[in-house]
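Asks: my questions concern the predicted model and sequence given below.
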Amino acid sequence: MNSQGAHRKVTWKLEPELLDYHLYLPIFFEGLRETEEPYRFLAIQGCDELLERGGSKILPVLPQLII
């Protein structure tokens, strides 16, 4: 994570669309319950970016997110 200045962003080592969504999307969704920074920021930003760039990988993971 780059936290210099007013604009924070997640720096991915691997493009989000190449990640295993069955593993990582539920982890980021679980993090949405966090209240402390930087964990809250990472969960929100990570979910946003994974959902934005996941395409067809998202639908098969929905049952895991509902549990």
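Replies: That came in fine, so what should we check first?

Asks: for Leu51, give me its contacts.
Replies: For Leu51, the contact set (C-beta atoms under 8 Å, 6 or more residues apart in numbering) comprises 25, 58. Where C-beta positions appear, they are placed from N, C-alpha and C, glycine not excepted.

Asks: and it, what element?
Replies: helix 39-53 (DSSP states H and E).

Asks: that helix: how far from the chain's middle?
Replies: 3 Å (C-alpha atoms, centre = their mean, to the nearest Å).

Asks: what's the burial count for Phe28?
Replies: 20 (other C-beta atoms under 10 Å).

Asks: hmm, I was thinking of Leu50
Replies: 23.

Asks: sketch out the low-pLDDT regions of this protein for me.
Replies: 1-5 (pLDDT under 70).

Asks: switch the cut-off to 80
Replies: Regions of the chain meeting the criterion pLDDT under 80 cover residues 1-6.

Asks: wait, what's in contact with the residue nearest the centre of it?
Replies: Nearest to the geometric centre of the chain sits Gly46, at 2.4 Å (C-alpha atoms, centre = their mean). Gly46 makes contact with 10, 24, 28, 31 under the criterion C-beta under 8 Å, 6+ apart.
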